[in-house]
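[1] Structure, please.
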Amino acid sequence: MNVAIKFALQSAVQHKAVCQVKLRTEPNPRHVHPHGLMLSAQGKHYLICWQDDGHSKTGNFPNFRTLPIDDVTALEITEDQFLVQDKFNADHKMYKNWQFVVAK
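    Numbers count the residues shown, from 1 in each chain. Predicted coordinates for the structure are as follows:
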């Protein structure tokens, strides 16, 4: 894992900063609001985010995404800030292994 990208994402979560995230297998970046980072039971790191534009396999956005941090090849943190989505529930059992959570 790229540790610099992980720490930059942690900062973006903390500051509620909108980001452009490029994944290894995708031609264009995703426009996301990073809500948190989680560590899976298998030891993989994921970004939990609200995506409202950019590349999408489903085209179904805005919506929440769980993106593997290991696949992030480029990250741009913008000066724009976001509001935490009302639908976001950090207490959901899916997120029991949170490492870092955005403040509500």
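
[2] Kindly export stretch 2-16 (C-alpha atoms) in CSV.
    This file holds the C-alpha atoms of stretch 2-16, laid out as CSV (Å, rounded to 0.1, in the frame of the first residue of the first chain):
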residue,chain,number,x,y,z
ASN,A,2,1.1,3.5,-0.7
VAL,A,3,1.5,5.0,2.8
ALA,A,4,1.5,8.6,1.5
ILE,A,5,-1.8,8.1,-0.2
LYS,A,6,-3.3,6.5,3.0
PHE,A,7,-2.1,9.4,5.2
ALA,A,8,-3.4,11.9,2.6
LEU,A,9,-6.8,10.2,2.6
GLN,A,10,-6.9,10.3,6.4
SER,A,11,-6.3,14.1,6.2
ALA,A,12,-9.0,14.5,3.6
VAL,A,13,-11.4,12.6,5.9
GLN,A,14,-10.5,14.7,8.9
HIS,A,15,-10.9,18.0,7.0
LYS,A,16,-14.0,16.8,5.0
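
[3] For it, give me every contacting residue.
    By CB atoms under 8 Å, 6 or more residues apart in numbering, the residues outside stretch 2-16 that reach it are 17, 19, 33-37, 45, 47, 69-70, 72, 75, 77, 81-84, 100-102. The way it works is simple: take the backbone N, C-alpha and C, and place the C-beta from them, glycine included.

[4] Looking at those, which are in strands?
    17, 19, 33-37, 45, 47, 72, 75, 77, 81, 100-101 (DSSP state E).

[5] And the furthest pair within those?
    Comparing every pair within the ones in strands among the contacts of stretch 2-16 by CB to CB identifies His45 and Gln81 as the most remote, at 23.3 Å.

[6] These two - which one has more neighbours?
    The neighbour count for His45 versus Gln81, taken as other CB atoms under 10 Å, is higher for His45 (18 against 11).

[7] Contact partners for the nearest residue to Asp53 once chain neighbours are set aside?
    Leaving aside its chain neighbours, Asp53 sits nearest to His31 (3.8 Å; criterion: CB to CB, 6 or more residues apart in numbering). Shown in contact with His31 (CB under 8 Å, 6+ apart): 18-20, 51-54.
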